[in-house]
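[1] Quick check, what structure comes out for this input:
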Amino acid sequence: MSNKAAWITAIGTAAMAITGTIAILNTSPTKESSENNITIINSPSIDLRTPNTKKDPPSIDINIETAEPAKIKEMPEKAHNPNNSLPTLEGKNIIVGGFDVLRSGEYSFTDGQAFDKARLSLVENFSNILFMSSNTLGREFLNGIDILILTSAKANTSHSTPLITKEIESLYSFVREGGCAILMADNDSFGGNETPRANNNLISAFNMNIVGTKFGKEMVNVTTNINNPITSGSFGNIVSFSQNYPGGIRKTPSYASNLATNSLGTALVYIEKGIISPKSGPVTVYSDANTFSNSAGFFNENKNLFLYTVSSCL
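    Okay, the predicted model is just below:
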């Protein structure tokens with residue numbers, strides 16, 4: 001798979017009680033630690049990666065007693081949604097959560113280099129965006145966010161630590177209770193022998209699995225863009241998008257919609273709001289962790305798809 005921030009100076013104070021380490025965005029060219037558990041973070045320059053190589057929803061009872069440190073970042077206010085083409089939640093913060101760099105490295109959506117442009121696009125198109133990160137999926141962290149964005153990748157040739165059973169259950173519970181999940185798995189060979197487990201543990205809560213490695217770049221064909229918010233909307237219909245060294249999703253539940261395919265299988269799966277439970281949030285799964293990364297121009301090619309995907313959460 002290929003490489004997976006122009007960070008913006010944080011202003012204001014997050015109006016929520018978060019315990020543990022706090023990360024505040026800074027535009028200085030260094031990364032340094034200060035006292036009182038506060039870390040000032042700035043992204044180094046981007047290092048492009050070299051490729052390496054339907055049934056009923058389950059009912060899960062969850063009792064997670066995990067309380068982990070979380071980090072919250074505020075992005076500056078900007079004139080959002082200039083064409084009034086995307087939904088907004090006026091007066092309400094939108095909290096986007098993900099694994100921190102300890103867990104997901106440069107492919108941490110909230111902190112990593114690979115998603116600089118994606119984060120910036122959220123600030124430009126939605127109001128009141130905040131980012132929160134954690135190294136585990138626990139109840140306290142998930143209760144504090146609206147949208148969860150995770151990938152199975154960590155760096156050029158390494159995967160993130162696979163979700164453990166309690167985290168898989170916690171992810172399912174988050175969606176069942178109304179949270180939105182955007183999950184990006186990948187091919188099964190980029191990070192060594194444990195790569196399949198990192199991929200499949202990311203999406204197994206929703207009865208999916210992913211296999212195979214497609215070498216090189218591929219244009220994925222959207223098979224349906226009617227009446228779904230992921231591939232159709234105010235920017236027009238999306239008929240294809242780019243992937244690089246993806247995997248193929250081979251197993252999907254009957255309650256999900258398979259929206260696009262690549263040469264290995266399904267490339268994009270969508271579960272609508274209210275399907276898993278009456279108040280459940282949506283789930284979107286991609287078969288390539290690079291779909292919205294800075295690498296090789298993929299974010300520029302797939303930007304509208306990303307904005308549609310996030311809009312589906314609101």
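[2] Helices of the stretch 51-200 of the chain, residue ranges please.
    Per DSSP state H, counting those that start in this stretch, the stretch 51-200 of the chain carries helices over the ranges 101-104, 116-125, 139-143, 165-176, 195-203.
[3] Out of these, which one sits most buried?
    When these are scored by mean count of other Cβ atoms under 10 Å, the highest mean neighbour count falls to helix 195-203 (a mean of 24). The C-beta positions use only the backbone N, C-alpha and C, and glycine is treated the same way.
[4] follow-up on the earlier one: can you lay out the helices of the stretch 51-200 of the chain as TSV showing distance to Ala153 and mean pLDDT?
    Output for the helices of the stretch 51-200 of the chain, formatted as TSV (distance: least, Cβ to Cβ, whole Å; pLDDT from 0 to 100):
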stretch	distance to Ala153	mean pLDDT
helix 101-104	7	98
helix 116-125	14	96
helix 139-143	20	97
helix 165-176	17	98
helix 195-203	8	98
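[5] Mind putting these into JSON lines with distance to Arg250?
    Formatted as JSON lines, the helices of the stretch 51-200 of the chain follow (distance: least, Cβ to Cβ, whole Å):
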{"stretch": "helix 101-104", "distance to Arg250": "24"}
{"stretch": "helix 116-125", "distance to Arg250": "27"}
{"stretch": "helix 139-143", "distance to Arg250": "28"}
{"stretch": "helix 165-176", "distance to Arg250": "19"}
{"stretch": "helix 195-203", "distance to Arg250": "10"}
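[6] for the ones you listed, which one sits closest to Leu259?
    Between Leu259 and those, the tightest spacing by Cβ to Cβ is seen for helix 195-203, at 15.0 Å.
[7] next one: the closest one to chain centre, how far?
    Centre-to-centre, helix 195-203 and its host chain are 14 Å apart (Cα atoms, centre = their mean, to the nearest Å).
[8] Return the list of helices and strands in contact with it.
    With contacts defined as 3 or more Cβ pairs under 8 Å, 6 or more residues apart in numbering; DSSP states H and E, helix 195-203 has these neighbours: strand 158-159, strand 209-211.
[9] Would you reformat these as CSV and include mean pLDDT and mean neighbour count?
    Output for those, formatted as CSV (pLDDT from 0 to 100; neighbours: other Cβ atoms under 10 Å):
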stretch, mean pLDDT, mean neighbour count
strand 158-159, 96, 22
strand 209-211, 97, 22
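[10] could I get the ones you listed as JSON lines with distance to Asp186?
    JSON lines is the format used below for the helices and strands packed on helix 195-203 (distance: least, Cβ to Cβ, whole Å):
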{"stretch": "strand 158-159", "distance to Asp186": "8"}
{"stretch": "strand 209-211", "distance to Asp186": "8"}
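[11] Looking at those, which is nearest to Ser133?
    Among those, strand 158-159 comes nearest to Ser133, with 17.9 Å by Cβ to Cβ.
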